[in-house]
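Chemist: Sharing a sequence plus its predicted fold:
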Amino acid sequence: MPIVASVQVMDISRTGVLLGAGCAFTPGDRGTLCVDINGRSFKAAIQVQRIAPARAGGHRHELGASFLSSSPEPNLLLGYF
């Protein structure tokens with residue numbers, strides 16, 4: 001069953017993304033990341049690689065996820081940073 005979760009993009013590169021999330025995920029979970037970058041829509045399939053629990057006093061888990069596709073679109077879009 002699909003889950004919609006609001007996440008904070010903390011860092012993004014050509015190969016993956018670091019996200020802050022209020023709910024827990026498991027390494028291996030897959031999903032679609034949809035964000036607006038510099039006024040352009042960016043959508044990519046991702047897979048969670050690692051999880052860091054919320055820091056003391058924090059409510060967000062840190063998720064390291066890799067992009068599942070090496071299509072040129074994410075690379076072209078990320079080239080604008």
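Modeler: Yep, it's here. Residues are numbered from 1 along each chain as shown.

Chemist: Okay, now the unreliable bits of the chain?
Modeler: Per-residue confidence of the chain (counting by pLDDT under 70) places the weak regions at 1-2, 56-59, 70-81.

Chemist: For Gly39, see how far away the closest residue to Gly64 other than its chain neighbours is.
Modeler: Once flanking residues are discounted, Gly64 sits nearest to Arg50: 4.3 Å by CB to CB, 6 or more residues apart in numbering. For every residue, glycine as well, the C-beta is placed using N, CA and C. With distances defined as CB to CB, to the nearest Å, the gap from Arg50 to Gly39 amounts to 30 Å.

Chemist: what are the ranges of the helices in the chain?
Modeler: In the chain, helices defined by DSSP state H lie at 72-78, listed in chain order.

Chemist: how about the strands in it?
Modeler: Residue ranges of the strands in the chain, as given by DSSP state E, are 7-12, 16-21, 30-37, 40-52, 61-67.

Chemist: now those as TSV including mean neighbour count?
Modeler: As requested, these are arranged in TSV below (neighbours: other CB atoms under 10 Å):
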stretch	mean neighbour count
strand 7-12	15
strand 16-21	18
strand 30-37	13
strand 40-52	14
strand 61-67	19
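
Chemist: residue contacts, Leu19?
Modeler: With contact set as CB atoms under 8 Å, 6 or more residues apart in numbering, Leu19 has these partners: Val7, Gln8, Val9, Met10, Leu33, Glu62, Leu63, Gly64, Ala65.
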